[in-house]
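> After the sequence you'll find the predicted model.
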Amino acid sequence: MPEARAKKGAAEDGAAGKPADDGPGGTTGAARPRRRQARGEARIAQLLQAAANVFGSSGYTASSTNAIAREAGVSPGTLYQFFPNKEAIAVELGDRLLDRWRDTYGAAFTPSHITLPLDRMLDAVLDPLIAFNCENPAFFVLMHGSEIPGRITEEHDIVHATMLSRVEEILIGYLADIPTAQVHRVAEMAFMTFKAGLDLIMAHEGEEREAYIRELKTLIFRYLDPLIGDDSPHLAPHARQGDPA
């Protein structure tokens with residue numbers, strides 16, 4: 001009997017050390033976690049897209065996990081397998097949108113734009129920023145709502161400061177002879193004007209939205225043009241258009 005038990009134990013040990021077959025083809029179980037992980041990531045992406053739709057249409061405060069689950073076509077129980085509450089969904093969605101926003105404004109605020117005339121520079125900088133917000137209304141909701149989770153607000157403040165410094169970098173290329181303190185004030189005024197104009201743009205759609213985009217560009221152009229245009233008082237007289245050399 002002891003010998004039989006020993007043989008049985010050895011057989012069990014060997015079975016335990018043998019990779020489990022996944023099916024007739026002999027595929028190992030290592031593929032299973034990867035498939036489960038891929039399905040989990042796909043489900044998370046589905047839930048975040050549903051949350052973006054709900055936040056964009058209803059706002060953050062009025063949205064609920066039930067509404068997000070319904071938009072995603074899943075049960076609330078399925079949603080809770082991935083996110084414990086609405087705040088967790090908002091934080092994850094906000095993080096992903098902020099990453100894309102950083103890429104967007106990083107490409108918009110490129111130093112090469114200082115070689116462009118003012119009107120074309122404004123198009124090159126503002127168009128992608130406005131387009132991102134129009135294409136991602138949930139981003140606007142999560143960055144501006146009063147009930148937004150604190151972590152998102154903190155990240156937004158960091159992004160705000162970084163964008164302001166980028167605006168200054170662009171303007172310094174045009175306003176090299178103006179004191180640094182004044183360039184900072186001009187940059188902050190232009191940036192805050194953009195943010196206020198974006199509120200109006202996001203509140204409208206279609207042709208009316210396009211009209212507000214034009215108005216915003218006109219407003220910023222008319223503010224900056226006296227400083228950096230051909231008639232700028234900061235340019236030497238012979239550098240102004242039409243003046244004799």
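Okay, I see it.

> domain ranges for this structure?
Structural domains assigned to the chain are 33-84, 91-230, following automatic domain parsing.

> Sketch out the low-pLDDT regions of the chain for me.
Applying pLDDT under 70 to the chain flags the ranges 1-36, 146, 229-245.

> quick one: the helices in it?
In the chain, the helices defined using DSSP state H lie at 2-17, 31-58, 65-72, 76-80, 86-108, 118-135, 137-144, 150-174, 180-202, 206-228.

> can I get those helices in JSON lines with mean neighbour count?
(Each C-beta comes from the backbone N, C-alpha and C, glycine too.) Compiled in JSON lines, the helices of the chain are given as follows (neighbours: other Cβ atoms under 10 Å):
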{"stretch": "helix 2-17", "mean neighbour count": "9"}
{"stretch": "helix 31-58", "mean neighbour count": "15"}
{"stretch": "helix 65-72", "mean neighbour count": "19"}
{"stretch": "helix 76-80", "mean neighbour count": "14"}
{"stretch": "helix 86-108", "mean neighbour count": "17"}
{"stretch": "helix 118-135", "mean neighbour count": "16"}
{"stretch": "helix 137-144", "mean neighbour count": "21"}
{"stretch": "helix 150-174", "mean neighbour count": "16"}
{"stretch": "helix 180-202", "mean neighbour count": "16"}
{"stretch": "helix 206-228", "mean neighbour count": "15"}
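
> Off-centre distance for stretch 53-65?
17 Å (Cα atoms, centre = their mean, to the nearest Å).

> Enumerate every residue touching the residue nearest to residue 57 when sequence neighbours are not counted.
Nearest residue to residue 57 in three dimensions, chain neighbours excluded: residue 137, at 7.8 Å (Cβ to Cβ, 6 or more residues apart in numbering). Applying Cβ atoms under 8 Å, 6 or more residues apart in numbering to residue 137 gives the contacts 52, 55, 56, 57, 202.

> Kindly recompute the last result at 10 Å.
52, 53, 55, 56, 57, 202 (Cβ atoms under 10 Å, 6 or more residues apart in numbering).

> Spit out the contact partners of the closest residue to residue 72 other than its chain neighbours.
Nearest residue to residue 72, sequence neighbours excluded (Cβ to Cβ, 6+ apart): residue 50, at 3.6 Å. Contacts for residue 50 (Cβ under 10 Å, 6+ apart) come out as 67, 68, 69, 70, 71, 72, 73, 74, 79, 89, 93.
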